[in-house]
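Visitor: Quick one: sequence and predicted model below, then my questions.
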Amino acid sequence: MSGWVVLGVVLAALAVLALHDVLQPRHTILRVYPLLGHLRYFIEGIGPQLRQYVIASNDQERPFTRDQRSWVYASAKKENDYFGFGTDNELERSPHYLIIKQDTLALEMPHPARSDERQTYPLPAAKVLGGARGRPKAFRPASVVNLSAMSYGSLSAPAVEALNRGAAAADCLQNTGEGGITPHHDHGGELIWQIGTGYFGCRDADGGFSLERLQQTLERQPRIRALEIKLSQGAKPGVGGILPAAKVTPEIARIRGVPMGRDCVSPATHSAFHDADGLLDFAERLGEATGLPVGIKSAVGQEAFWTELARLMAAGDRGVDFITVDGGEGGTGAAPLVFSDHVALPFKLGFARVYRAFAEQGVQERVAFIGSGKLGFPETALFAFGLGCDMVNLGREAMLAIGCVQSKKCHTGHCPTGVTSHHPWRVRGIEPVLKGERTANYLINLRKELIRLSRVCGQQHPALVTPAHLEILDGRFGARGMAEVFDYKAGWGLPSAADQDALRELMG
């Protein structure tokens with residue numbers, strides 16, 4: 001056989017492989033980068049050896065380490081998520097290291113009714129959203145693990161669709177983000193509609209809030225279960241938001257009610273209210289007009305606002321139904337470096353201060369608390385529940401589940417996997433049905449791990465895990481209980497006795 005024939009056979013084989021890569025739906029990298037994508041998977045396969053001897057350890061990369069990303073990928077693909085040969089963390093010499101204190105006589109995991117039954121590990125919330133305020137459309141969320149606020153525009157259409165399909169399959173909630181409600185949210189997943197300072201989807205001609213527009217949108221979208229007023233987010237509190245002109249497509253401009261060819265800017269503050277008192281009036285206005293639970297989302301900086309909000313709720317008949325606390329380490333929005341690194345308290349500190357403000361006023365049981373900010377892992381989520389969270393929201397971890405490779409190009413429009421890009425070739429790499437399944441797999445596996453950790457602690461539900469179950473190592477062969485670290489009083493961090501009884505009944 002001549003050399004030309006061999007070359008022809010090789011080229012033909014490569015062409016067939018490239019065509020297969022472009023047409024197959026399972027691997028985003030291969031769909032977008034045929035042939036070349038195989039090199040990534042080869043390097044990924046020998047990555048542990050390269051990192052061990054040449055580059056970095058499993059816990060050095062940020063914002064998510066190699067171990068963390070590997071766990072999410074394995075969970076999403078229903079692959080083996082165990083790690084062998086013990087921990088590679090330096091436990092005794094690691095400051096601020098979490099230890100979960102297991103019960104020697106732990107509870108067993110529940111078993112499915114049939115061996116062939118797909119176990120979804122249901123894990124309902126401890127509190128009824130809107131129940132304390134008697135909202136007509138109050139409900140108990142079916143899942144304590146839900147999808148965080150990520151707007152269409154910041155994310156691509158297939159990414160939003162995949163997340164919505166995943167939310168439907170896992171029976172959890174998807175927060176729309178402040179970019180408004182789109183056709184890509186219409187694939188079965190129930191929604192929390194986030195209302196930001198730009199009032200997209202409920203915006204009048206001058207850019208202010210329109211209750212009439214809000215009600216019109218609600219009539220068209222029956223799967224909206226709650227409203228969330230966005231005050232700020234962990235990535236860039238006090239800055240507002242911006243969608244660069246390059247990412248403002250005709251569809252996005254129509255949905256948001258903004259012009260093409262210009263940056264889409266969300267102001268730093270709301271025009272509908274200007275203080276805690278005005279916020280409560282606005283929240284009650286929304287609740288009375290819609291019957292839906294109404295909450296707020298914010299990063300935490302100065303404490304005066306939270307002290308005043310808790311005081312006003314304790315003194316009167318107004319209130320918000322839930323509070324989403326976003327840690328300063330949150331990052332689903334691009335931001336100036338100084339804001340990412342130095343503005344707003346990290347989740348654990350910020351949440352503890354907000355919870356304390358409400359607990360000192362005796363109103364913590366009237367509010368459902370939601371945490372966000374790198375809480376998409378079993379140990380960080382359990383920590384949040386120990387602090388008093390009733391639910392956790394996941395952003396970047398869900399992005400990893402649908403194909404994100406942490407390239408950190410979210411704000412450029414050049415995301416290599418199409419998660420945060422609108423480039424037609426890159427976007428086609430996301431197959432929404434398959435990626436929806438992977439989203440659901442990840443969410444369900446996280447719930448399974450939370451149930452397992454709770455039962456290891458002797459509790460049936462993560463909301464029943466208390467600060468007494470958690471300790472923090474100081475890196476000097478010492479440890480302190482979580483209640484001491486965060487100055488929590490006995491009983492803080494737990495739902496009411498009635499909610500605890502309801503949980504135990506729900507969990508069997």
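Guide: Arrived safely.
Visitor: contacts, neighbours, all on C-alpha from now
Guide: OK.
Visitor: pLDDT of stretch 435-445, averaged?
Guide: Averaged across stretch 435-445, pLDDT comes to 97.
Visitor: Show me the contact partners of it.
Guide: 72, 75-78, 120-121, 145-146, 161-167, 169-170, 398, 401-403 (CA atoms under 8 Å, 6 or more residues apart in numbering).
Visitor: Does G376 belong to a helix, a strand or coil?
Guide: Following DSSP: H, G, I helix; E, B strand; the rest coil, G376 is assigned to coil.
Visitor: For it, give its distance to A159.
Guide: The gap separating G376 from A159 is 18 Å, by CA to CA, to the nearest Å.
Visitor: Looking at these two, which has the bigger crowd around it?
Guide: A159 (28 against 25; other CA atoms under 10 Å).
Visitor: Double-check that one against V419; I have them as touching.
Guide: Yes: using CA atoms under 8 Å, A159 and V419 qualify as a contacting pair, with a distance of 5.5 Å.
Visitor: what sits in contact with each of the two?
Guide: Joint contacts of A159 and V419 (CA under 8 Å, 6+ apart) are I402, I430.
Visitor: thinking again about what came up before, for PyMOL, write the selection for the buried entries among the contacts of stretch 435-445.
Guide: Buried residues among these (16 or more other CA atoms under 10 Å), as a PyMOL selection:
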select buried, resi 72+75+76+77+120+121+145+146+161+162+163+164+165+166+167+169+170+398+401+402+403
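Visitor: Just the ones in strands from the contacts of stretch 435-445, please.
Guide: Mapping the contacts of stretch 435-445 onto strands (DSSP state E) picks out V145, N146.
Visitor: mind checking how far stretch 341-349 is from the chain centre?
Guide: 17 Å (CA atoms, centre = their mean, to the nearest Å).
Visitor: Show me which positions of that stretch end up buried.
Guide: For stretch 341-349, the neighbour count (16+ other CA under 10 Å) marks V343, A344, L345, P346, F347, K348, L349 as buried.
Visitor: Would you mind giving me the confidence score for the nearest residue to the third one once chain neighbours are set aside?
Guide: Put plainly, it is L345. Distances taken as CA to CA, 6 or more residues apart in numbering place G328 nearest to L345, at 5.2 Å, with adjacent residues excluded. On pLDDT, G328 comes in at 79.
Visitor: same check, this time on the one 3 residues further on
Guide: The predicted local distance difference test score for G331 is 70.
Visitor: Please report the distance of it from D341.
Guide: 10 Å.
Visitor: go on, A401?
Guide: 25 Å.
Visitor: One more: D21?
Guide: D21 is 39 Å from D341, by CA to CA.
Visitor: One more: D88?
Guide: For D88, the distance to D341 - CA to CA - is 27 Å.
Visitor: now G475
Guide: Distance of G475 to D341, given as CA to CA: 24 Å.
Visitor: ok, now A253?
Guide: 31 Å.
Visitor: Strands along the stretch 1-150 of the chain, start to end?
Guide: For the stretch 1-150 of the chain, the strands defined by DSSP state E, counting those that start in this stretch cover 95-100, 145-147.
Visitor: out of those, nearest to L387?
Guide: Shortest separation from L387 across the strands of the stretch 1-150 of the chain is recorded for strand 95-100, at 13.0 Å, computed as CA to CA.
Visitor: The closest one - contacts with which helices or strands?
Guide: If you count contacts as 3 or more CA pairs under 8 Å, 6 or more residues apart in numbering; DSSP states H and E, strand 95-100 packs onto strand 470-474.
Visitor: Parallel or antiparallel, list what pairs with the strand it packs on.
Guide: strand 95-100 (antiparallel), strand 479-481 (antiparallel) (DSSP bridges).
Visitor: how long is stretch 355-369 end to end?
Guide: Start-to-end, stretch 355-369 (CA to CA) is 8 Å.
Visitor: correction: stretch 89-103
Guide: 23 Å.
Visitor: any idea of the mean pLDDT in that stretch?
Guide: 88.
Visitor: what comes into contact with it?
Guide: With CA under 8 Å, 6+ apart, stretch 89-103 has contacts from 59, 379, 456-458, 469-477.
Visitor: May I see the strands paired with strand 470-474 organised as a markdown table, with mean neighbour count and distance to K230 added?
Guide: Output for these, formatted as a markdown table (neighbours: other CA atoms under 10 Å; distance: least, CA to CA, whole Å):
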| stretch | mean neighbour count | distance to K230 |
| --- | --- | --- |
| strand 95-100 | 17 | 30 |
| strand 479-481 | 16 | 33 |
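Visitor: Looking at those, which is nearest to F273?
Guide: From those, taking CA to CA, the stretch that ends up closest is strand 95-100, at 38.9 Å.
Visitor: most centrally placed residue in the protein?
Guide: L394 (1.5 Å; CA atoms, centre = their mean).
Visitor: How about the contacts made by it?
Guide: So L394 contacts V145, N146, L147, S148, S372, G373, K374, L375, G376 (CA under 8 Å, 6+ apart).
Visitor: now with 7 Å?
Guide: Listed by CA atoms under 7 Å, 6 or more residues apart in numbering, the contact set of L394 reads N146, L147, S148, S372, L375, G376.
Visitor: Next: G316.
Guide: Contacts of G316 by CA under 7 Å, 6+ apart: none found.
Visitor: what's the spacing between it and V363?
Guide: 11 Å.
Visitor: what does I181 give?
Guide: 32 Å.
Visitor: If you count neighbours, what's buried in stretch 293-313?
Guide: Buried, per 16+ other CA under 10 Å, within stretch 293-313: 293-301, 305-313.
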